[in-house]
Structure formats: C-alpha cells, structure tokens
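Enquirer: Here's a sequence, model it:
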Amino acid sequence: MRRGIGPCVLVGLIAAALVAAPAAHATFHLIDVREAYAGTADDSYVELQMYAGGQTFLTNHAMTVYNSSGALVHSSKFTSGVTNGQNQATVLIGDSNVQSKFGVAPDLVDPELSISAAGGAACWNAGGLPADCVAWGNFNGGAALEATTGTTVGSPASPSGITAGKAIRRTIEPGCPTLLEQSDDSDDSATDFSEVTPAPRDNASPITEKTCAGAPNTVIDEKPPAVTNSTSAEFTYEAPTATSYECKLDSATFSSCPETGIEYTDLSEGSHTFQVRGVNASAPDPTPASYTWRVDTTPPTTTIDTHPADPSPGQSASFTFHASEAGSSFECSLDLGAAADSFASCASGKTYTALADGEYTFKVRATDQAGNPQLAPTEFTWTVDNSLADTTPPETQIDSFPPDPSLSSTASFTYESNEPGSSFECSLDGVAFGPCAASGITYTGLANGPHAFQVRAIDPSDNVDPTPAGYSFSVLVEASLPPPSSSPPPPASQPPPALNPTLLFTKKPPSKTRDRTPTFRFRSEPPGASFQCAVDRGTFRACRSPFTPKKPLSLGPHKLQVRAVGAGSNVLRFRFRVVSGK
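Expert: I've put the predicted structure just below:
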C-alpha cells in the first residue's frame with residue numbers, strides 16, 4: 001500500500017549518505033500505518049510505525065482520513081517532529097480521550113479526529129511524498145483514493161465493519177515475524193490487517209519487536225522503470241536485521257554498499273541486473289534481492305504500412321503503421337496544404353473521413369516505452385479528388401437457390417455482386433435486412449408453404465443496391481403432410497374458402513420503372529388463399545406476398561400474373577415496362 005520514492009528525494013538520500021549526514025535526512029516517509037481504532041467517545045486513534053531508523057522529521061506532514069467513498073474528511077497535521085527515530089519506534093495520533101482511556105499520551109492530540117467503524121481509510125501522507133494506507137469495512141473508494149494519493153488499498157479489512165471494542169492491526173509477516181519490514185505490505189488491507197484488542201503505543205513506548213535470528217531477508221524498495229532511457233539507476237533497499245549491505249551490478253562481484261542506497265551512472269545501452277544482500281553476524285542473505293531492467297536510448301522509427309491511393313476520393317482515408325520498438329505509443333497529424341502540424345494521440349491505425357478536395361500530408365511519430373521520441377515524423381502526401389468518389393450502387397445476383405417447390409425445410413442460397421469486395425444483407429419472408437456472409441446463407445426449419453428471399457449488396461464505398469435480388473419458392477415436406485383421407489367438413493367457425501376469391505394488388509411498381517427486381521404485394525378477399533405466380537410467359541409456380549422475381553428483369557415490357565390455387569380462372573395481372581437509367 002505504498003508509492004515509490006520520487007527521483008529527487010532519492011538523489012537527496014544518496015547525496016546525504018555520501019557526505020556522512022545522519023541517516024534520518026529526508027527519509028521520514030519510511031513509515032507504515034500499524035493500528036487503527038474507531039472508538040466511541042472521542043478515543044479514536046491511528047498508530048504509525050517506522051520500519052527503518054531515523055523517521056523523526058514529521059513537521060508539516062499528516063495522517064489523513066477518508067470516508068467510504070474515498071473522499072478526504074479529515075487531516076491530522078504534525079507541527080513538529082518526534083524524539084525517537086530508531087527502527088520500529090511508533091507515533092500515535094489520537095482524539096482527546098485516548099490518554100484517559102488507554103493511559104498513553106498521543107504524540108499528536110487531534111480533538112477533531114473521527115474514525116467510522118462502518119468503513120473508511122486512513123493514510124500516512126508525507127506531503128507530496130509516497131503514502132501508506134489501510135481501508136476497512138464498507139470502503140469502496142479505492143479508485144478515488146488511488147487517483148488522489150496514488151496508493152493502493154486492495155480489499156478492505158473487516159468487511160462487515162470493525163467490531164465494537166476492537167482495533168485493526170498490521171500483521172508482521174512474512175519475513176521476520178517480529179519486525180515490521182517492507183514485505184509486510186502486500187497492497188491488500190484484508191491480507192495485512194486483522195482485528196485485535198486495542199493496545200496503542202506512543203513514541204516514548206519501549207520497542208517490543210526483536211531482531212530475528214539467522215541471515216537477513218533483503219528487499220529492494222526503489223528502482224528504475226523496467227525500460228528507461230536514463231543511463232543512471234538509483235536503488236534503495238532494506239533488510240531490518242542487517243548490519244551492512246553488499247551490492248553488485250551485472251557480472252561484478254558483491255562489494256560493500258551504503259545502507260541508504262546506491263546510484264550507478266554512465267550505464268551502457270541494454271539489459272542490466274542489480275543484486276543486493278543484507279549481512280549480519282549470522283551470514284549474508286543467501287537469496288539476494290535482484291532486479292533486471294533495460295536501458296534504451298535509441299529513438300524509434302515508424303513505418304506506414306497502408307495508405308490511400310493517390311489521388312483518392314475524400315470519403316475515407318485510412319492508415320496503418322508500426323514502430324521499430326514494440327509497445328510504442330503514437331501521435332498523428334493530418335494537414336491540408338501548408339497548415340501547421342496538429343499532432344494528437346492515435347492508435348496503430350487512423351481513419352479520416354469527409355475530406356475536402358486538396359493536397360494532404362499525414363504524419364505519424366512514435367515514442368517508445370523508454371520515453372525516447374522519434375526524431376522526425378514519418379509522412380505521406382496525397383491528393384483528395386472527390387470527383388473520383390464511387391456513387392454507383394452495386395447489382396446483386398442470386399447464383400444458387402432451392403427448387404420450387406422444395407421438398408426440404410432447409411434452403412441455401414449463394415449470391416454475388418458486380419463489385420468486388422462487397423458485403424451483403426439478406427431478408428427472408430419480409431423481415432428486416434441483416435448482414436449475411438459473402439459465401440452464402442442457409443435457412444433451416446422452414447414451415448410448409450410459400451417463402452420469399454431477398455439479398456442486396458453493399459459495395460466498399462457503402463453504396464447499397466436499391467433493387468435487391470429476390471427468389472420466391474414453396475416448401476412442401478411430405479412427412480409433415482396429413483395422410484390421404486376423406487376430408488372432414490371444416491369446423492362451423494371456419495367456413496370453407498371462397499371458390500373464386502377476389503385478388504388485389506396492395507403494392508406494385510409504376511407502369512414504367514427502373515427497378516429490375518420489383519416487389520409486388522397482393523392479397524385475397526376473403527383471406528386465406530394460397531397463390532401461384534407467373535412472370536411473362538413462365539409457368540405458374542407457388543408464391544407468396546411479397547413477391548420479387550428471382551432474377552433481374554431485362555429492359556422492356558413484362559407481365560406478372562397471380563392466381564389463387566384451386567379457385568377457377570380469376571387471375572390478377574399487371575403489365576409494366578423496365579426502362580434504362582439510374
């Protein structure tokens with residue numbers, strides 16, 4: 001639940017060590033929240049604990065309290081430091097009744113301190129420096145707290161709220177089980193804290209933690225990014241039972257290094273590995289802490305992989321590109337003529353639309369993971385000419401279809417467009433058009449009776465065929481038909497269909513139309529009739545409304561005939577002419 005040391009602070013640490021200044025200089029942030037108590041009558045407290053020596057300079061730094069949503073509700077600010085700075089010393093911030101209840105005088109008395117047992121968070125907040133936090137109960141403000149302070153709290157401790165009369169205290173493990181150390185902070189409050197009987201300690205309280213026997217356990221606290229363009233690297237580390245430290249870089253041998261940290265300069269480009277081990281009277285740490293990172297000072301380059309034709313219409317101009325360094329980020333600019341660059345963040349592809357006529361220059365530049373910017377952008381210049389735009393819709397043709405009538409409840413269709421790269425939309429029995437594969441479509445479980453299929457192409461310029469190709473057919477599955485028998489009379493509530501119903505067109509094209517696949521709708525009076533259709537001199541075949549010829553009609557005169565099945569000679573006819581034009 002800790003943030004990293006900033007580079008300026010770390011440089012101060014190392015410089016102080018080199019001039020033999022006290023180890024406490026500028027290291028007051030090496031403190032964790034150890035214990036928190038909600039209380040009931042002005043006796044709340046938060047106890048901080050040092051995990052490294054010399055943490056006495058607290059002036060103008062604060063312990064902050066947040067509500068369950070992660071909003072700051074109170075700050076207890078120090079106006080002076082504390083006396084005891086040895087490792088594992090504690091600092092107590094408490095309400096006005098803490099001393100009377102527990103017999104311990106807080107190092108900072110704050111009568112306004114209030115901690116809700118139901119849920120919240122408390123943080124040691126060293127100004128702009130890193131902080132350590134604990135959350136409990138119904139706290140759900142982790143994102144807000146991390147955005148504000150940069151700290152991570154994980155799952156709250158005591159998710160049902162802190163039990164009355166109990167405090168939450170950090171568990172000092174793993175590592176040395178009697179000594180607070182960096183490894184005791186897992187960034188998860190529920191893991192690190194558990195409920196205990198309150199036992200506050202102030203800065204004058206005796207240190208009860210004892211040094212672990214055996215070799216120390218070493219942890220690296222501060223380190224460079226995994227990929228960096230800096231040729232310097234700074235490290236701090238800790239092993240609470242250590243009396244000294246030994247460090248090594250790459251293939252060098254271990255040698256003594258300062259307990260406050262070490263800096264390496266003039267590093268070569270490439271991968272480096274730093275190791276450090278604490279040493280005490282028992283032995284050096286048998287498992288040194290290790291960290292590997294990469295120094296990269298080489299600027300990346302960007303290659304444009306795809307771009308629009310030159311010239312091209314301005315409906316859409318798309319670019320794809322990649323950088324010489326994986327994981328790079330990009331900025332793109334598109335300028336008309338001699339306009340100034342307008343770089344903005346972009347992904348590994350960029351599309352521009354609705355461009356006016358003129359000469360454009362597209363530029364892209366990368367910044368790699370190490371922070372190296374590309375020295376000069378990669379660019380492509382081309383001309384937009386909107387007179388080249390494709391506004392002609394495609395024409396659709398059905399290539400394969402089921403027989404009519406079909407003895408199967410499954411129907412498959414294939415189709416094509418006269419424009420390569422087209423996509424398709426299909427409709428069956430008048431439902432709304434929806435996307436369908438260019439390779440074809442299959443319908444299953446079709447009911448007995450007439451069906452109508454339509455398909456339309458959409459070309460790469462998004463022009464839609466306004467005259468979809470259509471095909472009407474009937475399904476006649478013998479297994480689903482009733483066995484031959486003498487037909488019983490229809491129920492009294494359903495009179496038999498009229499012998500010669502009236503047929504009516506409800507939709508038809510004009511007598512002169514440019515539509516080569518016109519759609520017709522028709523019905524019978526009374527309703528319930530089955531229909532047969534014939535186009536021009538073709539034979540009558542089962543059909544249904546709506547009806548569309550299965551192949552585009554030629555230019556010239558045509559005739560559609562519709563009749564009711566078994567209804568005598570009543571035939572509905574419509575004559576029309578297909579004319580040229582768009």
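
Enquirer: rest of the way, CA atoms for contacts and neighbours
Expert: Will do.

Enquirer: Listing request: residues of this structure with sub-threshold pLDDT.
Expert: For the chain, the stretches with pLDDT under 70 are 1-29, 126-130, 175, 211, 213, 478-500, 566-569, 582.

Enquirer: what about the helices in it?
Expert: Taking DSSP state H as the test, the helices found in the chain are 7-18, 98-102, 142-149, 189-192.

Enquirer: Neighbours of residue 326, how many?
Expert: Neighbourhood size, residue 326 [other C-alpha atoms under 10 Å]: 10.

Enquirer: ok, now how distant is it from residue 302?
Expert: 11 Å (C-alpha to C-alpha, to the nearest Å).

Enquirer: Excluding chain neighbours, give the residue nearest to residue 503 in space.
Expert: Spatial nearest neighbour of residue 503, chain neighbours left out: residue 524 (4.6 Å); criterion: C-alpha to C-alpha, 6 or more residues apart in numbering.

Enquirer: which residues does the one you found contact?
Expert: Residues in contact with residue 524 (C-alpha atoms under 8 Å, 6 or more residues apart in numbering) are 501, 502, 503, 504, 564.

Enquirer: Of these, just the buried ones, PyMOL syntax please.
Expert: PyMOL command restricting the contacts of residue 524 to the buried ones, with burial defined by 16 or more other C-alpha atoms under 10 Å:
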select buried, resi 501+502+503+564
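
Enquirer: out of the contacts of residue 524, which one sits closest to residue 578?
Expert: Comparing the contacts of residue 524 against residue 578 with C-alpha to C-alpha places residue 504 closest, at 22.0 Å.

Enquirer: follow-up on the earlier one: looking at the contacts of residue 524, which two lie furthest apart in space?
Expert: Longest span within the contacts of residue 524, C-alpha to C-alpha: 504 and 564, 11.0 Å.

Enquirer: I'd like to know which of the contacts of residue 524 are part of strands.
Expert: 502, 503, 504, 564 (DSSP state E).

Enquirer: Return the member of those nearest to residue 195.
Expert: Set against residue 195, the nearest of the ones in strands among the contacts of residue 524 by C-alpha to C-alpha is residue 504 (84.0 Å).

Enquirer: beta partners for the closest one?
Expert: For residue 504, the beta-bridge partners under DSSP bridges are residue 523.

Enquirer: Where do the strands of the stretch 201-350 of the chain begin and end?
Expert: Here the stretch 201-350 of the chain has its strands, by DSSP state E, counting those that start in this stretch, at 219-222, 227-228, 233-238, 244-249, 255-257, 262-264, 270-279, 289-295, 302-306, 316-323, 329-336, 344-346, 349-353.

Enquirer: Go through those and name the closest to residue 552.
Expert: Taking C-alpha to C-alpha, strand 316-323 is the member of these nearest to residue 552, at 31.4 Å.

Enquirer: give the contact list for the residue nearest to residue 277 when sequence neighbours are not counted.
Expert: Of all residues not flanking residue 277 in the chain, residue 288 sits nearest, at 4.6 Å (C-alpha to C-alpha, 6+ apart). By C-alpha under 8 Å, 6+ apart, the contact list for residue 288 reads 217, 218, 275, 276, 277, 278.

Enquirer: Reformat the strands of the stretch 201-350 of the chain into JSON lines and put distance to residue 464 next to each item.
Expert: Converted to JSON lines, these look like this (distance: least, C-alpha to C-alpha, whole Å):
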{"stretch": "strand 219-222", "distance to residue 464": "61"}
{"stretch": "strand 227-228", "distance to residue 464": "50"}
{"stretch": "strand 233-238", "distance to residue 464": "61"}
{"stretch": "strand 244-249", "distance to residue 464": "66"}
{"stretch": "strand 255-257", "distance to residue 464": "74"}
{"stretch": "strand 262-264", "distance to residue 464": "66"}
{"stretch": "strand 270-279", "distance to residue 464": "55"}
{"stretch": "strand 289-295", "distance to residue 464": "54"}
{"stretch": "strand 302-306", "distance to residue 464": "26"}
{"stretch": "strand 316-323", "distance to residue 464": "17"}
{"stretch": "strand 329-336", "distance to residue 464": "30"}
{"stretch": "strand 344-346", "distance to residue 464": "31"}
{"stretch": "strand 349-353", "distance to residue 464": "19"}
